[in-house]
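J.: after the sequence you'll find the predicted model.
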Amino acid sequence: MLNRAYKILNINTKNYKQMKIIELKIKGMTCDNCVATIERYFKNKAGIAEMKISYPKGNGIFTFDENELSEKDIIKTINNTGHYRVVDEIMPENRTTEKHYDLIIVGGGSAAFSAAIKAESLTLTTLMVNAGLDFGGTCVNVGCVPSKTLIRAAETVYHASHSNFAGIKPKGVTIDFAQMIKDKKQLVATLQQKKYMDVVSDFENLTLLKGWAEFVDSKTIRLDGKETYTALKFLIATGASTNIPDIEGLDNIEYLTNISLFDMEEKPESLTIMGAGYIGCEIAMAYNRLGIKIRIIEFTDRVLRTQTPDISEELEKYMRYEGIEIKPNYRAVKFEKRGNDTIIHCKCPDGTHTEIVESGKIVVVTGIKANTRRLKLENIGLQLTPSGHIAVNKKMETNIPNIYAVGDVANTPSYVYTAAFEGKIAVENAFTGAGKTTDYSSLPWVVFTDPQVAGAGLDETQAEEQDIPFEVSKLELKDIPRAIAARDTRGFIKLIRNIETDKLIGARIVAPEGGELIQILSMAIKYGITVSELAENIYPYLTLGEGVKLAAITFGKDVSKLSCCAS
């Protein structure tokens, strides 16, 4: 007999009708509004004589006429709310209570873990199913952690061989490439365990399973084509992967992506990188400094094509200076092997064709695509954007009421910190009705090249598209005392303000460690700080942060003609 989480009492009223009282244990209630919501579903329902629902106790006591209403009807009414569930309710014969959850998370990256942490705080029974990359997802396994540690390693090599000071003569450095990759792998394993698996190891309500999930219907998934699992709510957090272009011969040359590149322990003589977006530029600068000859093939006219031309030109200048070969407006049309070489057939900017010979490896970083292909979303009619991402609103809701999507799989900014934020608020919205929304109008971002490229808010093109009256100030680092003293004046700070309100609406930085500045400007945009206020604030002398003040002053003055501490 099924162990049910309620008791049944028989009573007789003075009208001699057969009445019953049942006490139900209800999951998902988080506030008194939840009580009111459940009560609305029973309003004017025939057969209900009395009901007492308690959020603190997590239960409901129902008095009803069994001639007009059954226990199953009451349970079904609660479960059909989509937000709340009777614990241990009777399931169809082909299912068991062990396979039913409040929340099923499909995916195992940062968004998924953030969602699981919030779900645990709400005491929700949660199943996380993950396949492809290991738990932890792109960031810790093949993205942020491995790339940034290799970028720092490359910077160490560079500074051991280059000096901005005439009185210092670096003697170079010895690189043990294989050891460096082994150290990277150990770091990834440590952080994957410490920051992901250990965090949820003592969760009482979370179950982790490995396997490919596909939707049977909007309330059911099947794992690896076998077991089925049901839930009140679903969160899709399957991330994204490299978008491999459809080019003849590419599948036959054993190309690399970020997944395989960072595990390569044998140092190649050269790399040809297909794509000059932020991943391509980061990889190019890092591996070039590690002593590998780098070539970039980019089908548009410049690197970082999503940014304004001045940013692309500034970064490209330093990439070329360090010896990176960049071929803009080149389109690869065919790959083939000739002995140990890879031949890349390209269409040139003038329309002619040429053959590029690569004796090392090919790295493909031509954008990303959402991981939706194996989910069988066609079974549930989930809406996708033209780019193939899951369409969500600012509450992370899809077109199906009980299904949410977050992170790189959704049509939102593709950053680990936005994914984690979205995972948290999606669970809150799904189970508490919090109604929290995303606001990315001041979102900070960083490209970890050297110099770094960072931004927040709008650039000039975006401001113009939105018909915002704007003005731009641009301060080169040669006018910032800190950069002058460090003998490193690469880059600039650019601010965009609304002319009518004087409020800062955007910022772009190209500078060594420029990413450390962008949060200041992001906060200024978020909280409506004016450029005048930025200019009048006090900044410590000989910091790069002082550049924010000087860039703000630049709207009205020529700072090159001011003394160091003038304003």
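T.: Yes, it's here.
J.: the bottom helix or strand of this protein by mean pLDDT?
T.: Ranked by mean pLDDT, DSSP states H and E, the weakest helix or strand in the chain is strand 8-12, scoring a mean of 38.
J.: tell me which strands whichever helix or strand comes after that one pairs with, and in which orientation.
T.: Using DSSP states H and E, the helix or strand that follows strand 8-12 in sequence is strand 18-27. Strand 18-27 has the following strand partners under DSSP bridges: strand 8-12 (antiparallel), strand 59-65 (antiparallel), strand 85-86 (antiparallel).
J.: please save the CA atoms from strand 18-27 in PDB.
T.: Extracted in PDB, the C-alpha atoms of strand 18-27 (Å, rounded to 0.1, in the frame of the first residue of the first chain):
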ATOM      1  CA  GLN A  18     -21.100  11.500   4.600                       C
ATOM      2  CA  MET A  19     -18.200  14.000   5.100                       C
ATOM      3  CA  LYS A  20     -14.500  13.400   5.100                       C
ATOM      4  CA  ILE A  21     -11.600  15.400   6.400                       C
ATOM      5  CA  ILE A  22      -8.200  15.000   4.800                       C
ATOM      6  CA  GLU A  23      -4.900  16.600   5.800                       C
ATOM      7  CA  LEU A  24      -2.500  17.000   2.800                       C
ATOM      8  CA  LYS A  25       1.200  17.800   2.900                       C
ATOM      9  CA  ILE A  26       1.700  20.500   0.200                       C
ATOM     10  CA  LYS A  27       5.100  21.300  -1.300                       C
END
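J.: and that strand, average pLDDT?
T.: In this model, strand 18-27 has an average pLDDT of 82.
J.: quick one: buried residues of that strand?
T.: By neighbour count with 16 or more other CB atoms under 10 Å, strand 18-27 contains the buried residues 19-22, 24-27. Yep, even glycine has a C-beta here, placed from its N, CA and C like the rest.
J.: before we move on, what about stretch 440-454?
T.: Of all the residues in stretch 440-454, those buried under the rule 16+ other CB under 10 Å are 442-454.
J.: next one: stretch 364-375
T.: So, applying 16+ other CB under 10 Å, buried residues of stretch 364-375: 364-366, 368-372, 375.
J.: next: stretch 396-404.
T.: For stretch 396-404, by 16+ other CB under 10 Å, it's 396-398, 400, 402-404.
J.: which one of those residues sits closest to Ala213?
T.: Of all these, Ala213 sits closest to Ile403, with 12.4 Å by CB to CB.
J.: for the closest residue to that closest one other than its chain neighbours, give its distance to Ile356.
T.: In space, Ile403 comes closest to Phe234 once its chain neighbours are excluded; the distance is 4.7 Å by CB to CB, 6 or more residues apart in numbering. As judged by CB to CB, to the nearest Å, Phe234 and Ile356 stand 46 Å apart.
J.: the more surrounded of those two?
T.: Counted by other CB atoms under 10 Å, Phe234 and Ile356 do not tie: Phe234 has more neighbours, with 27 against 16.
J.: the helix or strand where that one lies pairs with which strands, parallel or anti?
T.: Element membership of Phe234, judged by DSSP H and E, is strand 227-236. Strand pairing for strand 227-236, determined by DSSP bridges: strand 100-106 (parallel), strand 220-223 (antiparallel), strand 403-405 (parallel).
J.: let me know the average pLDDT across the shortest one.
T.: With pLDDT averaged residue by residue, strand 403-405 scores 98.
J.: beyond that strand, next helix or strand please.
T.: helix 416-432.
J.: buried set for that following helix?
T.: 416, 418-432.
J.: do stretch 246-256 as well
T.: 247, 249-250, 253, 255-256.
J.: just send those back as CSV, with distance to Thr156 too.
T.: Listed next are these as CSV, based on distance: CB to CB, whole Å:
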residue, distance to Thr156
Ile247, 36
Gly249, 38
Leu250, 34
Ile253, 32
Tyr255, 28
Leu256, 23
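J.: so Ile509 touches Ala454, yeah?
T.: Yes. Counting by CB atoms under 8 Å, Ile509 does reach Ala454; the two are 4.5 Å apart.
J.: shared neighbours, these two?
T.: 515, 517-518 (CB atoms under 8 Å, 6 or more residues apart in numbering).
J.: let me have the residues you listed in TSV, adding pLDDT as columns.
T.: Listed next are the shared contacts of Ile509 and Ala454 as TSV, based on pLDDT from 0 to 100:
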residue	pLDDT
Gly515	96
Leu517	96
Ile518	98
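J.: sounds good, over and out.
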